[in-house]
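[1] structure for the following, please:
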Amino acid sequence: MHCFALSATEVGSMINMGPQDTREFFHDPAMLSSNAGQVRKSLSIKPHADGSGYFFSLNVVNNILKTNERLVVPVTAAEFAVMRTAFSFALPRIMGWDQYSNQPLGTAHKSPSKVLPHLTDSEWDK
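    Numbering: from 1, shown residues only. As a prediction, this is how the structure comes out:
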């Protein structure tokens with residue numbers, strides 16, 4: 001089984017998709033290492049010809065194992081609407097914004113690590 005982890009920017013790009021929009025994302029899991037380029041993953045999202053949804057296509061090329069795997073999943077417009085809602089809910093949490101917006105009033109101007117120590121694990125503190 002293969003995974004394709006979307007970045008916050010990629011999630012935002014998917015949230016912003018219209019009914020005829022196409023998106024393609026490319027990942028190299030070993031980027032910046034000596035194994036760069038050995039495994040390439042691509043996620044393609046293309047609209048159905050009739051505008052009733054999208055085709056999600058995951059392609060994984062593994063030059064080490066000499067494999068090329070492809071998975072295509074049709075997604076209806078209603079299913080994509082559910083995905084968009086889930087992405088919109090998850091994105092602020094991925095970014096750590098929910099931790100800042102849920103602070104007690106009057107603490108937003110203070111350093112988060114001094115006010116609430118558990119906030120040091122957010123994306124903004126890295």
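[2] which stretches of the protein form helices?
    8-15, 77-95, 97-101, 112-115 (DSSP state H).
[3] buried ones in the longest one?
    The one in question is helix 77-95. For helix 77-95, a neighbour-count test (16 or more other C-beta atoms under 10 Å) marks Phe80, Met83, Phe87, Leu91, Met95 as buried. C-beta coordinates here come from the backbone N, C-alpha and C atoms, glycine included.
[4] not counting it itself, show me its contacts.
    For helix 77-95, contacts defined as C-beta atoms under 8 Å, 6 or more residues apart in numbering pick out 8, 11-12, 14-15, 17, 19, 51-54, 75, 98, 101, 122-124.
[5] where in the protein is pLDDT low?
    Within the chain, the ranges that satisfy pLDDT under 70 run 1, 103-126.
[6] kindly recompute the last result at 50.
    113, 115-116, 119, 122-124, 126 (pLDDT under 50).
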